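Enquirer: Quick one: sequence plus predicted model below, questions after.
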Amino acid sequence: MQRAEPQEFSRVLSSMCTEPHPTARAAAERFLATNPGDPGTYESVAALEREAVDLLGQVAGLPDPAGYVASGGTEANVQAVRIARNRASTRDPNVVAPASAHFSFRKAADILGVELRTAPLSEYRANLEAVVELVDDDTVLVVGVAGSTEYGRVDPIPALAELAADAGALCHVDAAWGGFVLPFSDHEWDFSDAPVDTMTIDPHKMGQAAVPAGGLLARGPELLDELAIDTPYLESTSQVTLTGTRSGAGVASAVAVMEELWPDGYEAQYRCSQANADWLAAELGSRGYDAVEPVLPIVAADLPDDRIAALRERGWRLSPTEAGEARVVCMPHVTRSMLREFVADVDDLADGRGA
């Protein structure tokens, strides 16, 4: 069998994961054989997980956080819905989320038997009036997105949290991608800005940890208690995670890289990534392509479908938005020189020199 090699990142433009930081890579390799799902056996990685949660709390403005290191944003979002459903008394629970919410909420609704109500957007953000219309006595969770997958937009989190509180529902913020860039922006998005109950925030995205290293934060441990099940054959007596066996490598890498980069290293990376996004949007705009303003380091531009296909033929890993725009996520591995090469290929194809 031919040996497979990992794909290089030199032409990956649409991924929300990136090359792990060297510190994260080294830590992950040391903890490959550990399982934080069995904290009685793997005590050192269990202690590291508590440290990871504390560090994520620093990033997200929560001084005494509860939570755990998940496999990624999908698991954390499913768990947030599960918490809200389990604590509610209604027999017909519903979740209200903006149309920009990640598709993992559709998975959560299907798995957990809750109704997902989707509110339309206004300027790529949740339309508050539409959310109000959808919330009722059976609403158990109101979702806000802080750094949407397609356009990097941030919903009005304080207003959504207030709506949730008025309805007796929880408020969940999906900051899976945005959580490690938003602290350096002017957006109101975290626990210190609003009475948010739960949050998804992934070290393995802009946090530069090794995959898998997602994150679920909760304002207090009583929320995680809604997830607890007995574990009779483990030294620990209960478990709140969705998966049993989990990656100690992800936990260790998350701690190592957050200790290395928070806050100054992350801020420097954000400034660089945002500058790259602004540069790319301006370059494409000057060539007549409509580009959505990159509020965070994501660029969406209306390249023709055949142009996107041709760019992929040239090796660019480029994915479209639902509306068909080319979507470039300016992750740490996406450098200015890489973007210059990309724009040169866009120009070359526009001049009719083929794929």
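Expert: Perfect, thanks for sending it.
Enquirer: Just the CA coordinates for stretch 33-45, please, in PDB.
Expert: Written as PDB, here are the backbone C-alpha positions of stretch 33-45 (Å, rounded to 0.1, in the frame of the first residue of the first chain):
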ATOM      1  CA  ALA A  33      -1.400   7.700  25.100                       C
ATOM      2  CA  THR A  34      -3.400   9.500  27.700                       C
ATOM      3  CA  ASN A  35      -7.200   9.700  28.100                       C
ATOM      4  CA  PRO A  36      -8.800  12.500  30.200                       C
ATOM      5  CA  GLY A  37     -12.000  10.600  30.000                       C
ATOM      6  CA  ASP A  38     -10.600   8.400  32.700                       C
ATOM      7  CA  PRO A  39      -9.300  11.000  35.200                       C
ATOM      8  CA  GLY A  40      -8.700   8.400  38.000                       C
ATOM      9  CA  THR A  41      -6.100   6.600  35.900                       C
ATOM     10  CA  TYR A  42      -4.700   9.600  33.900                       C
ATOM     11  CA  GLU A  43      -4.400  12.100  36.700                       C
ATOM     12  CA  SER A  44      -1.800  14.300  35.100                       C
ATOM     13  CA  VAL A  45      -3.800  15.000  31.900                       C
END
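Enquirer: Any regions of the stretch 151-300 of the chain where pLDDT drops low?
Expert: 230-238 (pLDDT under 70).
Enquirer: Report the buried residues of stretch 281-290.
Expert: By neighbour count with 16 or more other Cβ atoms under 10 Å, stretch 281-290 contains the buried residues A281, E283, L284, Y289. All C-beta atoms are positioned from the backbone trio N, CA, C, and that covers glycine.
Enquirer: Save those as JSON lines, and put in distance to L48 and secondary structure too.
Expert: Shown next, in JSON lines, are these (distance: Cβ to Cβ, whole Å; DSSP: H, G, I helix; E, B strand; the rest coil):
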{"residue": "A281", "distance to L48": "39", "secondary structure": "helix"}
{"residue": "E283", "distance to L48": "43", "secondary structure": "helix"}
{"residue": "L284", "distance to L48": "43", "secondary structure": "helix"}
{"residue": "Y289", "distance to L48": "46", "secondary structure": "coil"}
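Enquirer: Pipe these into a markdown table and attach distance to D186 per row.
Expert: Listed next are these as a markdown table, based on distance: Cβ to Cβ, whole Å:
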| residue | distance to D186 |
| --- | --- |
| A281 | 19 |
| E283 | 25 |
| L284 | 25 |
| Y289 | 28 |
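Enquirer: which secondary structure element contains G285?
Expert: G285 is located in helix 264-286, with elements delineated by DSSP states H and E.
Enquirer: Many thanks, I have nothing further to ask.
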